[in-house]
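[1] What shape does this take:
(2 chains)
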Amino acid sequence: MAPGGIALCRMVELGRLLGNLSTINSISLLVATESRHLESSLFLFLILRKHIMAWSQSFKCGNAWLSIGFAAFLGAIGGFAMNASAADKQGAVTLPPQVEKIDLAMQAGWVDAGVKPSPAEDELKWCRRVYLDLIGRIPSYEELGEFAKDKSPSKKLNLVQKLLNDGRYTEEYANHWGTVWTNILIGRNGGMEDRSLTNRAGMQKYLRDSFARNKPYNDMVYELVTATGSTKPGTDGFNGATNFLAMKVNEEDGTQATAAVSRIFLGLQVQCTQCHNHPFNQWKQQKFWEFNAFFRQTRALRKFVSGTRDIDHAELVNQDFAGEGGRADQAEIYFQLRNGLTKVAYPVFIDGTEIGKSGYVEQVNRREELGKLMMQSPFLDKAIVNRMWSHFLGYGFTKPIDDLGPHSPTSFPELFEELSNDFRNSSYDLKQLMVWITMSQPYQLSSRIIKDNESDDPSQGETPKFAHFYTRQMSAEQLFQSLAVATQANRKGSLEEQARRRDEWMKQFVVAFGTDEGDETTTFNGSIPQSLMMFNGELIREAISTEPGSWLGTIAQQKGSVAEKVQVLFLTGLGRRPRSEELSIANQLLVARKNDMNGMLQDLWWAILNSNEFIFNH
Amino acid sequence: MWSRFATPVGMNRRHFMSHMAGAATMMGASLSLGHSLRVHADTLKKNRKSCVLLWMGGGPSSMDIWDLKPGTDNGGPFKTIATSGDVQICEHMPLMAKQMHNMAIVRSMSTREADHNRGRYYMHTGYVPDANVDYPSYGAVIAHELMDQRPELEIPPFVSVGGASEGPGFLGMSWAPFSVSSNGRVRNLEMSLEKGRLMQRQIALKTIEDSFISQKRGGVVEDHRKVLGKTFDLLTSAQMQAFEVEKEPEEMKEKYGKNNFGQGCLLARRLVEAGVPFVEVDLGGWDNHQGIFRTLENDRLPVLDRAMAALTEDLEQRGLLQDTVIVWMGEFGRTPRINADAGRDHWARAWSVVVGGGGIKGGQAVGGTNEDGTEIIGDPYSSEDLMASVCQALGISLETTFTSKNGRPMKIANSGKIIKELFS
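    Next comes the predicted model:
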């Protein structure tokens, strides 16, 4: 055993002597609530002790990792480790006050609900979780090793900060969130339709750039709502933000733009009120059309490939709106009540604020006015906080997350309110919000359900208490990127090229519902088509390839015992070491493959990739 | 400790094989190759109820197809024609006109969901969307209830052709629709792996899978194993031939119409023959806010007419119609008033669905609408009532109750009432 290991063991012994302090099971909780009351030395010791326990648990044979880690893979790990340890000499971890706010609200909620939180998740699994949620893929073997070797009390915060702020991850971070937001804004099918006005690559480029620069969220929303210009990269006046509305303004008087803007950015579901007052929704038909009136100056103009009628791209423009009554200075719109009566509407924001009625763009630019009013709305803050909370914790404060109407029951309403205010006060810095959530206690918890929180099961209709991490499936995009990075499968060409290839691959899972609104769903949802793809699909065949130069082939070729090779597979795929029975299976497979290492690793890697433990974020 | 990882634990080949057998049993019937596609036509027909849902995505204008109001302001340009039943339908449905003795039109559907997503959910489940409970759709419920009749079925009991249908809700992902395109091609089905090796991989997979399940990480994790089992079944099942719609004779393909929906309906017949209890075939493009009459006459109705008539006739000729319920519906109807773009918008208050087969009394219209099509006359029928009636025709007890994990009992079809006229 290495000298360090011996030292660690001593510390563990010390910990036992000090008695039962293990009820404290979360670093963040500890740091947030106890640091002021503890002597710094004891505090530091507690934190260390916690880490030692975790360390000794997950590395019962710490040398094994190092032997294969160093021998088989890039020496770069050493370099990273030095950086990390240099940074950690500062001592105690300072976390933003919002973390404590979340933790206290959660703890109070657990007491009220009579549940207890699951223990903290194993650190390597937590590492896998945070990679998936922050940059959209599992960590590579090397990255996992890097995290494991960071012994500082702030190792979790270090990792989050690294993924958010280290230049090496900027591209992947931006790519991941660009993908998430492309799906939110134009769906998985947006831009893939015949004669589409949406340029998917243009949408992705705008979003990637925005996230790479950590553009404040409110600025991004304003740009998306008010954008003008060309949809296609490389054309004159290109503005990728136009792709959000390009397909939503021309048809049906812009009702799709109305529904999408209010739902996505304000959490208000208004589509039902287009035709009638909805019994469960405070929105009335009048309000729908008043909101709709903001979009009536907007058109998406088709630009053709010269000499043909093929659409090359579109240009989103604001044009004077004559109004349906023919008076541009009082440009009104008409809508019909269900009893056939016709009513009139002008642009009025959801809080009742009216703007000028003129349809002349020079006098009143309706979308810009809407953008400004949205910037003042507290619904703007709540909609994004709810969305982000749900991204990391599996469920939002309301269900569905984009329905904040008074008819939707809200869990943890005060916390929700406060976080929304805090987010506005952070100047809409999404990365700060990500730190608050990923460092909070609920995000540290294991996905293992314990007896004391069995009732916390939102899938059965219970209000989420967040007393354990909710296991959920990776998205198809996360799977694609995970395989690209973990095993280098399909990692060729530029980011744009990869995105295009991924979108192409994604098509097999997208099913449209055949409505004018472009509704769609995915069969990458845990059903049989997904399993068949995981069994036999080209992507998986590539991932388990042992061709010269492939990831698996390289492992097969390298020196090292069967156990070491198997361990690399398990750590990479599942963020844990193999159990003895799994190692036995590996050896049996090797016999069945007549000692062909390539064949055995293929079988085993196939099994790992097809397992629940791989495909779930847990 | 460490040595245990490093040293292979000795296990001889036979021992390994016995493990494989165990794994196979637990994964399902995956290793039992070769139930023939048609077990025996006779036993197949006996007590084998099935349902084919023709789903008209977008909300079809039933008042231009099944319940016309010619000569009124709302009526539009289409005329009615006589049929083989005691009803009149649209002139652009000439082939269905010859099949109407088999079908009943329910003209008094009156619902409240006029948004696509909500309407789709409501018509598929019998429940309005609920933030707290995720209800199972027709296909999941019916497959779940009818599976006992066909233990030998190796292919998924709920197939969705050319669309996504709705999910299995609280019944779990193992009852999810198996979505295929209308040509019946199932992606990624060919596994170029010899059977023994597939079995060995299966064991390795099961080992990892089971230990994760034992850690209690939620219901979705257990569902994953069930889906895996069903997938293994598919890989080795000769019943998958049912999907090979391209093997049908050319004249049969022509009869159904050589388009996605036509071939999808032909595929549905093959699946029903193979014993699949629930097939949904999707035909979108009914969201006709503009230029509705042109679209219906030249595009949607010819496609629908040919395929639906072919399916009805074909099932009847094969003696399967008496045990197969055909349901035609979308998420809602369309506004009787014709809008400024010569289209019709969403309208749920008064509209029609069509059902037939499975002992349902054909050739009739149940209920009706007033002169301009805006209101129903007589008793209103809901999604729940329709679902209860379909269950009745399939021999599924309406006393069936599902219990979600939190102990909430939920009656099948949301306690809908049978539409009596369909069975008199």
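[2] What segments of chain B are helices?
    Applying DSSP state H to chain B gives helices spanning B:2-6, B:13-27, B:41-45, B:94-97, B:116-125, B:138-146, B:195-214, B:219-236, B:250-256, B:260-273, B:292-295, B:301-317, B:383-393.
[3] Could you give the residue of chain B that lies closest to chain A?
    B:Gly284 (1.6 Å; Cβ to the nearest Cβ). Backbone N, C-alpha and C define where each C-beta goes, glycine included.
[4] Tell me how many other residues crowd that residue.
    For B:Gly284, the neighbour count with other Cβ atoms under 10 Å in any protein chain shown is 21.
[5] contacting residues around it?
    Residues near B:Gly284 by Cβ atoms under 8 Å, 6 or more residues apart in numbering or on different chains: A:512-515, B:56-58, B:163.
[6] before we move on, what about A:Leu197?
    A:Leu197 neighbours (Cβ under 8 Å, 6+ apart): A:231, A:246-247, A:250, A:300, A:302, A:311, A:313-314.
[7] Going by neighbour count, which of the residues you listed comes out on top?
    A:Thr231 (34 neighbours).
[8] Ramachandran angles for it?
    When read as degrees, to the nearest 10, the backbone of A:Thr231 gives phi -80, psi -20.
[9] just checking, it touches A:Ser196?
    No. Using Cβ atoms under 8 Å, A:Thr231 is not in contact with A:Ser196; the gap is 9.6 Å.
[10] Go through the contacts of A:Leu197 and say which is closest to B:Val180.
    A:Met247 (27.9 Å; Cβ to Cβ).
[11] The closest one contacts A:Gly190, doesn't it?
    Yes. The pair A:Met247 / A:Gly190 is scored as a contact, 7.1 Å apart, by Cβ under 8 Å.
[12] Up against chain B, what does the stretch 401-550 of chain A have?
    A:403, A:408-409, A:447-450, A:455, A:457, A:459-463, A:470-473, A:508, A:511-517, A:519, A:521, A:523, A:525-529, A:531-533, A:535-537 (Cβ under 8 Å from any Cβ of the partner chain).
[13] can you tell me how far A:Ser611 sits from A:Ser531?
    Distance, A:Ser611 to A:Ser531, by Cβ to Cβ, to the nearest Å: 11 Å.
[14] now do A:Arg128
    22 Å.
[15] The two - which one has more neighbours?
    A:Arg128 (28 against 24).
[16] May I have the phi/psi pair for the spatially closest residue to that one that is not a sequence neighbour?
    Leaving aside its chain neighbours, A:Arg128 sits nearest to A:Gly575 (3.9 Å; criterion: Cβ to Cβ, 6 or more residues apart in numbering or on different chains). Here is the backbone geometry of A:Gly575 (degrees, to the nearest 10): phi 70, psi 30.
[17] what's near enough to touch A:Gly575?
    A:Gly575 sits next to A:122, A:124-125, A:127-128, A:138-139, A:144 when contact means Cβ under 8 Å, 6+ apart.
[18] how about those in CSV, adding pLDDT?
    Converted to CSV, the contacts of A:Gly575 look like this (pLDDT from 0 to 100):
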residue, pLDDT
A:Asp122, 95
A:Leu124, 96
A:Lys125, 96
A:Cys127, 97
A:Arg128, 97
A:Ile138, 96
A:Pro139, 95
A:Leu144, 95
